[in-house]
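Asks: Sequence first, predicted model second:
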Amino acid sequence: MNRIYSIITFLFLSIVATNAQKIGYINSQEILASLPEVKQANSDIEVMKTMFQKKGEDMVKELQTKYQDLQKKQQSGELAPVEIEKQSALLKLEEAKLGEFEKSSQDKIYAKTEELLKPIQDRVNKAIKDVATEKGFLYIFDSGMGVILYSDPAADATKMVKDKLGIATTTAAAPK
């Protein structure tokens, strides 16, 4: 069995070596961080998150105030036990509405994120495919996702994808 495995491995490596397949890599995080529309989308999403967070905090404060008022009325004997139960039930309903608001807010933020970022991601993926086709890459890996253990800098297709997207690339300043 080992001999068959060795033969198959040898044949596979021979085929790969004779075909000299071109492999490249990109850093998707760097590409996305360079796109102004990603920055704008992230800003819009943050504004939405902040709005929902503020509204949620206001709802929590209002609910806490109502609970405290009910507790004061209960301690002072202003309300009959039946009325206390009735108001407690109403506060529990408001508490449930707060939970629904939080879930709804998260769903809306997720939907907005998808709405804003999916077209950008689709555009980046198209640019990656175009570069791969134009430059003859058989595979392009993403170093930004931590997939690559070693790579030759000459195989880095990040700049080519940025060029395809019209993103100005800057070169790092030489160390002093």
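Replies: Perfect, thanks for sending it.

Asks: CA only for contacts and neighbour counts going forward, please
Replies: OK.

Asks: can you count the residues close to residue 146?
Replies: Residues contacting residue 146 under the criterion other C-alpha atoms under 10 Å number 9.

Asks: which helices and strands sit right next to the helix or strand where residue 70 lies?
Replies: Using DSSP states H and E, residue 70 sits in helix 36-76. Judged by 3 or more C-alpha pairs under 8 Å, 6 or more residues apart in numbering; DSSP states H and E, the packing partners of helix 36-76 are helix 81-135.

Asks: Just checking the distance from the helix it packs on to the centre of its chain.
Replies: With C-alpha atoms, centre = their mean, to the nearest Å as the basis, helix 81-135 stands 12 Å off its chain's centre.

Asks: what angle do it and helix 36-76 make?
Replies: 170 degrees (axes from the mean of the first three to the mean of the last three C-alpha atoms, to 10 degrees).

Asks: tell me the centre residue of the protein?
Replies: residue 113 (8.1 Å; C-alpha atoms, centre = their mean).

Asks: And that one, how far from residue 168?
Replies: With distances taken as C-alpha to C-alpha, to the nearest Å, residue 113 is found 25 Å from residue 168.

Asks: How about residue 127?
Replies: Where residue 168 is concerned, residue 127 sits at a distance of 15 Å (C-alpha to C-alpha).

Asks: How far away from the center of its chain is stretch 51-59?
Replies: 23 Å.

Asks: Show the average pLDDT along that stretch.
Replies: Confidence for stretch 51-59, expressed as mean pLDDT, is 96.

Asks: Touching that stretch from outside, list them.
Replies: For stretch 51-59, contacts defined as C-alpha atoms under 8 Å, 6 or more residues apart in numbering pick out 98, 101, 102, 105.

Asks: PyMOL command for the buried members of the residues you listed?
Replies: Buried residues among these (16 or more other C-alpha atoms under 10 Å), as a PyMOL selection:
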select buried, resi 98+101+102+105
